[in-house]
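Chemist: missing the sequence, but the structure's below:
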Ligand SMILES: Nc1ncnc2c1ncn2[C@@H]1O[C@@H](CSCCNC[C@@H]2Cc3ccc([N+](=O)[O-])cc3CN2)[C@@H](O)[C@H]1O
């Protein structure tokens, strides 16, 4: 590499590090309880509304986990945040589930739920009941599902998708990698730009074994969201074509893309998201 190219690469690396550091600073004010209130209560989580977002997400995940091609022992949820909905179907398929997040406040929120009912900031019962219904079970089986999830969560780990190895080497992940990754609303919300989003997709690919699946949910058209009162966090705005291109460019085979377009009633002033994507992909 000649001197000029070396200088340019060093400058690009410095810019990249500055962008990631700025994102870390944004997250210092993240408020799990407020975030849950904004996004995981009605209207966005209204199980009696056909057009509510959370039932749509749970339906995508239920189909993806139960249509027969996803399986194995280990499921990793990348960037769990303070939420559990993303593993309510997967916990029936995998005997070992790792929840992960960058912030200790979110890992604490998840630990509180694991302690038992009534400790976490949000009552997940309606979510558990809804997924039981999707599975053809009576809603009162939610207590069994909660017990199942508590039994399979093996650890709640720190993660940084901007590192080539996002998890600490001691994380007890199988050498070959996880059998399945799920990640919801994380990568586009933690990346300063599209190049960083694409790199993060590549980094988490290293957590997945060949033949394993990636289930990715994310925001379309979003440029910011509120991570708490007065905590405005920038987001990489994505469209469907870019999501498909990024997934393929990061070395995954795209199995399918599903898209939800937000009706006016779901726009509640906590972000400027226009749609939600669901991707099922496979690592060749
Ligand atoms: N470097 C990092 N590596 C991994 N995770 C990291 C890193 N930095 C922060 N994190 C971690 O990632 C974060 C994940 S929460 C990100 C929120 N995403 C945007 C928000 C979500 C949302 C939800 C629902 C709906 N809806 O329409 O129903 C829309 C939307 C759109 N707005 C947070 O847990 C942080 O702690």
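Modeler: Right, received. Where do you want to start? What you see is a predicted model, and the numbers here were worked out from it, not measured in a lab. Numbering: from 1, shown residues only.
Chemist: can you list the low-confidence ranges for the chain?
Modeler: Along the chain, the model assigns pLDDT under 70 to no residue.
Chemist: swap in 90 and give it another go.
Modeler: Low-confidence segments of the chain (pLDDT under 90): 1, 11-20, 117-119, 139, 172.
Chemist: from the chain's centre, how far out does the top strand by length along the chain sit?
Modeler: Taking DSSP state E as the criterion, the chain has its longest strand at strand 208-220. Relative to its chain's centre, strand 208-220 lies at 10 Å (C-alpha atoms, centre = their mean, to the nearest Å).
Chemist: in its sheet, what does that strand sit against?
Modeler: Note on strand 208-220: by DSSP bridges, its sheet partners are strand 178-184 (parallel), strand 275-282 (antiparallel).
Chemist: and residue 132, what does it touch?
Modeler: 138-139, 141-142, 145 (C-beta atoms under 8 Å, 6 or more residues apart in numbering). From N, CA and C alone the C-beta is placed, and that goes for glycine too.
Chemist: does the longest strand of the chain reach the ligand?
Modeler: Yes. Judged by C-beta under 6 Å from any ligand atom, strand 208-220 and the ligand are in contact via residue 219.
Chemist: after that strand, which helix or strand is next?
Modeler: strand 224-228 (DSSP states H and E).
Chemist: how many neighbours does residue 20 have?
Modeler: Residue neighbour count, defined by other C-beta atoms under 10 Å, stands at 19 for residue 20.
Chemist: who are the contact partners of the residue lying closest to it once chain neighbours are set aside?
Modeler: The shortest distance from residue 20 to any non-neighbouring residue, by C-beta to C-beta, 6 or more residues apart in numbering, is to residue 162 (5.0 Å). By C-beta under 8 Å, 6+ apart, residue 162 lies in contact with 20, 190-191, 196, 199-200, 203.
Chemist: can we see that at 10 Å?
Modeler: For residue 162, the contacting residues are 16-17, 19-21, 23-24, 102, 190-192, 196, 199-200, 203, by C-beta atoms under 10 Å, 6 or more residues apart in numbering.
Chemist: which positions in the longest strand of the chain come out as buried?
Modeler: 208-209, 212-220 (16 or more other C-beta atoms under 10 Å).
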